[in-house]
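K.L.:
need coordinates for the below:
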Amino acid sequence: MDARINIVMADDHPIVRQGLRQIIETDKNLSIVAEAGDGQTALDLIEKHLPEVAVLDIDMPDLDGFAVVRELRKKKINIETVFLTMHHEEELFQAAMDLGVKGYVLKDSAISDIVAAIKSVAQNSPFLSPALSALLLKRRRRHEELENEKPGLHLLTATEKRILKLVAEDKTSKEIGKELFTSYRTVETHRANISRKLDLHGSLALVKFAVTHKSEL
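P.N.:
Now for the predicted structure:
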């Protein structure tokens, strides 16, 4: 028997929440343990219940979906997230991917997609509404182009790739060290190795490269 997946759901429209609840709970392995109408309440409920998955509307009062995920990262609460949105814009999609959000579901296809999205992210696999597949392909193509431009990306270790992404988030070596539970000196050594492999020179070259190519890393 599959393990039950506990969910906190947040959307500022009660009718939307009611409809999603009816769809989600038709699956006996999915359970909505709490729901919220704003981002701050959602954050509080996630901290309280520690569900496997949070289903979050991007556009909410107090804290939007992005802000909720950032706060969860700061608090080191590791749960998977599905974003609900009306938006097809590439910028929002890329921002969600950059945050590590694995699920991205358009509201106009939520009826058919939401259960599959929850189950997918709960298993650490990405899911996005089929209508957004072109954006994902475009992101992958840009990543491949960047790898061709900077072959040294293939030489980066898993830790170096993680640090490069954190540099792209404009985090200092001290902040990165705290997040990765390592020393400032170790992070600085990794940064130097990354710069060498990517043939980047100068004190700000690594930061400029990471920020510029954040969505391709």
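
K.L.:
helix or strand right after the helix or strand of the chain with the lowest mean pLDDT?
P.N.:
None of the helices or strands of the chain scores lower by mean pLDDT, DSSP states H and E than helix 133-149, at a mean of 73. Scanning forward in sequence from helix 133-149 by DSSP states H and E, the next helix or strand is helix 158-168.

K.L.:
and for the following helix or strand past that following helix, what's in contact with it?
P.N.:
Sequence order places helix 173-180 as the next helix or strand after helix 158-168, per DSSP H and E. Helix 173-180 is touched from outside by Thr159, Arg162, Ile163, Leu166, Val167, Lys171, Ser183, Tyr184, Thr186, Val187, Glu188, Arg191, with contacts defined as CB atoms under 8 Å, 6 or more residues apart in numbering. Quick note: C-beta positions are derived from backbone N, CA and C, even for glycine.

K.L.:
and if you look at stretch 26-41?
P.N.:
2-12, 14, 17, 21, 24-25, 42, 44-45, 48-49, 51, 56, 60-65, 67-68, 115, 118-119.

K.L.:
one step back: considering the contacts of helix 173-180, which possesses the most neighbours?
P.N.:
For those, the largest number of neighbours (other CB atoms under 10 Å) sits with Ile163, at 27 neighbours.

K.L.:
domain parsing for this protein?
P.N.:
5-131, 141-216 (automatic domain parsing).

K.L.:
ranking those by burial, who's on top?
P.N.:
Greatest average neighbour count among those goes to domain 5-131 (a mean of 18), per mean count of other CB atoms under 10 Å.
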